[in-house]
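>>> sequence? don't have it. structure:
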C-alpha cells in the first residue's frame, strides 16, 4: 500500500525565481532562499517515490469553454511552462514522467470517495507547477501526478469542497495498491492581486489576511480556515487570492494535524512568500 | 455583454503568437470571428484595457493581453498606467 509521507505548500509567484537570483544582500530574500532550500531538503529526506502536485492553470489550457473543478493529468509525460510564460517571466523549464497508475487510481476510485475527477491525456504544466517543482525537485528525477484545481474562473468550488477533496485524496493515497512513498507539493497564493486596482509590486495586498490565515494553519485550526476562506473574503484580500483554496485542500489532506513547520515572509518587491510542511513519514 | 468572447480573444492573443500577429496587423478582420458587442469590439480595437476591466473581462487575462500586445520597452509604463486608471472602479464581476 502507498504511504503519504510529506506535504508541502509553497507559492508559485512567477517573479520569485528571478528575485531570488538577483537578491543581492536583501535579508528577507536571503531568508526565503534558505526557506526554499530547506523545503528541497525536507522533500529529499522524505524519500518519496512520486510527487502529487496540486496547482492551478492560469487560463492557459483549461478555459471557460470547458472548465474542470478538479482534474487529474494521466499522460505518460509532461513538461512546461507554456512558451508565453517563459517569455513573460524568464522561467526555467520542467519535465517529468507521470505515475499513470496512481493518476488513474485517483480518477477511478475517486467516485467511491465522492469526487468525480475530470481527467486529461494531453496537457502542459504551467508556472503553478514548474515554479515550485524547480525549487523543491530541480533534479526532475521523480514521477509526478499533476492535479489541477479551478481557482481562476468563478464559480469556484467553495473552501469546504477543497477541504473534502483533500480528505478524499489522502484516503485515495493510503488505499493505492503500489508500495510507494507519496509526497504532495501544492502551490497557490496568499493575498495577491493581478490586473485590479491594487498594485502587486509593493508587498502583500492584505498582510492581515496573510498573517491571520498562516496563524490558523500553524495552529491546526482547519475548521476556522474553511469558515473564513469565503470567496468574498478572498477577493477582498486581492482578486486572485482564491489561489489560497489549494492550501485548504492541503488542510483536508493533513486531516487536522498541525504542520511540522511554517514560515511567512514579506519581501518588499512582491507578495508574501511562505511555506507550510507536514512531515508524516518515518524518515 | 459577451465576457466569454472577450476573454477568448485575449487568451488567443496571449497564447498563440500567430494569432497575435494577425490581431496586431488586422484587428477588425481578426475580431470579425468573435461574437462581440460594439463596446467590446471598440475596446479591443483601441487597446482600451480600462474599459475591458469595467466590462468584466478577466483581470488576469487583461494583464497578459496588455503585456503581449505592447512592445517590451513600453510595457511597464502602459501596465502601470492601466493599474492607476482602475482607481475607484472596484471589482466588476468577471464570471462568465
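Great, that's in hand. Owing to the predicted nature of the structure, the values given are computational and were not obtained by experimental measurement.

>>> Contact residues of the stretch 101-250 of chain A facing chain B?
By C-beta under 8 Å from any C-beta of the partner chain, the part of the stretch 101-250 of chain A that sits against chain B consists of A:152, A:153, A:154, A:155, A:194, A:195, A:196, A:197, A:199, A:235, A:239, A:240. Bear in mind the C-beta positions are built from the backbone N, C-alpha and C, glycine included.

>>> Now restrict the residues you listed to buried residues only.
A:152, A:153, A:194, A:195, A:196, A:197, A:235, A:239, A:240 (16 or more other C-beta atoms under 10 Å in any protein chain shown).

>>> which ones among those residues are found in helices?
residue A:235 (DSSP state H).

>>> I'd like to know which of the buried ones among the residues of the stretch 101-250 of chain A next to chain B is nearest to residue A:176.
Using C-beta to C-beta, residue A:152 comes nearest to residue A:176 of these, at 28.8 Å.

>>> Name the nearest residue to the closest one, sequence neighbours excluded.
Setting aside the residues directly before and after it, residue A:152 is nearest to residue A:59 in space (C-beta to C-beta, 6 or more residues apart in numbering or on different chains), at 5.7 Å.

>>> my guess is the one you found meets residue B:63, correct?
No: Residue A:59 is not in contact with residue B:63 according to C-beta atoms under 8 Å; the separation is 11.2 Å.

>>> tell me which element residue B:54 falls in.
Assessed by DSSP states H and E, residue B:54 sits inside helix B:49-55.

>>> So that helix, near chain A or not?
Yes: with C-beta under 8 Å from any C-beta as the criterion, chain A is reached by helix B:49-55 at residue B:53.

>>> got the contact list for that helix?
A:195-196, B:1, B:3, B:6, B:10, B:39-40, B:42-44, B:59, B:62, B:65-66, B:82, B:85-86, B:89, B:92 (C-beta atoms under 8 Å, 6 or more residues apart in numbering or on different chains).

>>> repeat that for 10 Å
Contacts to helix B:49-55, defined as C-beta atoms under 10 Å, 6 or more residues apart in numbering or on different chains, come from residues A:195-197, B:1-3, B:6-7, B:9-10, B:37, B:39-40, B:42-44, B:48, B:57-59, B:61-63, B:65-66, B:69-70, B:78-79, B:81-86, B:89-92, B:94.

>>> name the element residue A:263 belongs to?
Residue A:263 belongs to strand A:261-265, assigned by DSSP H and E.

>>> can you list the residues that contact that strand?
A:8-9, A:11, A:27-29, A:31-32, A:34-36, A:38-39, A:42, A:190, A:204, A:207, A:210-211, A:213-215, A:217-219, A:272-279.

>>> For the chain, which segments are assigned as helices?
Using chain A. Under DSSP H, chain A gives helices at A:16-21, A:27-45, A:83-89, A:100-110, A:127-136, A:159-175, A:207-219, A:222-228, A:231-237, A:245-254.

>>> that's the wrong chain, I wanted chain B
Remark: helices assigned in chain B by DSSP H are B:3-15, B:17-25, B:27-31, B:38-45, B:49-55, B:59-68, B:72-85.

>>> Dump those into a markdown table; add distance to residue A:67 as well.
Shown next, in a markdown table, are those (distance: least, C-beta to C-beta, whole Å):
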| stretch | distance to residue A:67 |
| --- | --- |
| helix B:3-15 | 11 |
| helix B:17-25 | 21 |
| helix B:27-31 | 24 |
| helix B:38-45 | 21 |
| helix B:49-55 | 20 |
| helix B:59-68 | 14 |
| helix B:72-85 | 26 |
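
>>> what residues are up against residue A:91?
Residue A:91 touches A:14-15, A:17-18, A:80-82, A:85, A:126-127, A:130-131, A:134, counting by C-beta under 10 Å, 6+ apart.

>>> Between those, which sits nearest chain B?
residue A:82 (6.7 Å; C-beta to the nearest C-beta).

>>> what's the closest non-adjacent residue to that closest one?
That would be residue A:60: by C-beta to C-beta, 6+ apart, it lies 5.1 Å from residue A:82.

>>> Count the neighbours of the one you found for me.
Neighbour count for residue A:60, taken as other C-beta atoms under 10 Å in any protein chain shown: 23.

>>> Need phi/psi at it.
In terms of degrees, to the nearest 10, the main-chain angles of residue A:60 are phi -80, psi -40.

>>> ok, it touching residue A:130?
No: using C-beta atoms under 10 Å, residue A:60 is not in contact with residue A:130, being 11.8 Å away.

>>> Could you tell me which residues touch both of the two?
A:80, A:81, A:82, A:85, A:124.

>>> can you put the residues you listed in JSON lines and add neighbour count and pLDDT?
Formatted as JSON lines, those follow (neighbours: other C-beta atoms under 10 Å in any protein chain shown; pLDDT from 0 to 100):
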{"residue": "A:80", "neighbour count": "26", "pLDDT": "97"}
{"residue": "A:81", "neighbour count": "26", "pLDDT": "97"}
{"residue": "A:82", "neighbour count": "20", "pLDDT": "95"}
{"residue": "A:85", "neighbour count": "23", "pLDDT": "93"}
{"residue": "A:124", "neighbour count": "18", "pLDDT": "98"}
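
>>> And the residues you listed, which two are furthest apart?
A:85 and A:124 (9.6 Å).
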